[in-house]
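Asker: Below is the structure, and that's it, no one-letter string:
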């Protein structure tokens with residue numbers, strides 16, 4: 001990493017369970033209105049968690065809160081025992097290098113080539129030769145099934161699936177401990193969606209990462225995750241109801257006793273349509 005003086009990082013908090021890698025404690029996030037309310041859960045090292053729920057329930061906000069791109073209004077997030085919200089900018093940057101983030105739509109830099117996109121974080125935060133960077137870029141592109149012939153292309157010259165795969169290659173290039181995926185299959189056809197699913201699985205296997213996947217694609221969630229958390233929009237909850245409707249094994253979500261969970265899992269819209277009709281009539 002660049003620099004000879006390492007930033008001071010607060011002493012990690014010892015987890016009483018001994019296996020909690022990431023802990024979300026009573027997190028509430030408010031903007032003009034409350035988006036997340038009293039969210040708590042833990043993630044073990046090596047686990048793959050899918051956060052599901054309909055649009056507007058706060059999935060992406062939660063993902064950004066986990067790596068402190070959004071700070072909680074109350075509560076805290078402990079990553080490996082460290083509260084990222086209490087770090088200075090330099091120490092926070094060092095901790096964020098432990099995350100790989102695959103943004104919705106890939107979010108590549110339009111003015112940079114594929115090579116420059118994948119190499120971006122390596123050049124900015126690590127001291128290594130250009131030949132080493134070139135080798136990492138090549139390896140990561142091959143890993144996601146892309147030929148090195150595309151390194152000189154700009155994102156606009158790529159298909160949606162190719163851009164998504166370049167986004168994964170860029171995220172993995174820094175050898176992160178945690179991979180965060182925001183709607184990784186949105187906008188892709190079924191075949192390319194499954195390619196991305198397989199890449200998420202192989203990334204977890206090859207790099208031994210902890211993975212958090214935000215998605216409303218149940219096929220993807222069921223394939224890649226061993227655990228699911230389902231959020232529900234606060235506007236449709238009673239003040240005393242928890243926002244997390246389900247937190248458990250992916251293969252048991254269909255057994256949930258909450259009809260809102262099973263309706264989402266099966267894509268059943270009848271009750272939701274009736275609710276929308278009542279809201280329109282009342283309005």
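Answerer: Sure, I can see it. Keep in mind the model is a prediction, meaning the values are calculated, not measured. Residues are numbered from 1 along each chain as shown.
Asker: drop to CA atoms for contacts and neighbour counts, all remaining ones
Answerer: OK.
Asker: Could you pull out the helices in the stretch 51-200 of the chain for me?
Answerer: When assigned using DSSP state H, counting those that start in this stretch, the helices of the stretch 51-200 of the chain occupy the ranges 59-66, 89-96, 114-125, 130-143, 160-172, 190-207.
Asker: so which of these gets nearest residue 259?
Answerer: In this view, those are compared for proximity to residue 259 by C-alpha to C-alpha, and helix 59-66 is the closest at 20.0 Å.
Asker: Just the pLDDT for residue 117.
Answerer: According to the per-residue confidence, residue 117 scores 93 in pLDDT.
Asker: I'd say it and residue 111 touch.
Answerer: No. Taking C-alpha atoms under 8 Å as the definition, residue 117 is not a contact partner of residue 111, at 9.3 Å.
Asker: The two: who's more crowded?
Answerer: Shown here are residue 117 and residue 111; by other C-alpha atoms under 10 Å, residue 117 has more neighbours (23 against 11).
Asker: ok, that one to residue 225 distance?
Answerer: Distance check for residue 117 against residue 225: by C-alpha to C-alpha, to the nearest Å, it reads 28 Å.
Asker: give me the low-pLDDT residue ranges for the protein?
Answerer: By pLDDT under 70, the weakly predicted segments of the chain are 1-19, 269-283.
Asker: Now do the same contact list for the most centrally placed residue in the chain.
Answerer: The centroid of the chain falls nearest to residue 180 when counting by C-alpha atoms, centre = their mean (2.8 Å). Taking C-alpha atoms under 8 Å, 6 or more residues apart in numbering as the criterion, residue 180 is in contact with 63, 99-102, 211-214.
Asker: where does residue 162 sit relative to residue 67, distance-wise?
Answerer: Using C-alpha to C-alpha, which is the criterion applied here, residue 162 is 26 Å from residue 67.
Asker: and these two? which has more neighbours close in?
Answerer: residue 67 (22 against 18).
Asker: Am I right that residue 40 falls within a strand?
Answerer: Yes. Under DSSP: H, G, I helix; E, B strand; the rest coil, residue 40 falls within a strand.
Asker: Count the residues that sit near it.
Answerer: Quick note: residue 40 (other C-alpha under 10 Å) scores 17 neighbours.
Asker: Could you do residue 90 as well?
Answerer: The local packing count at residue 90 equals 13, with neighbours defined by other C-alpha under 10 Å.
Asker: go on, residue 28?
Answerer: For residue 28, the neighbour count with other C-alpha under 10 Å is 20.
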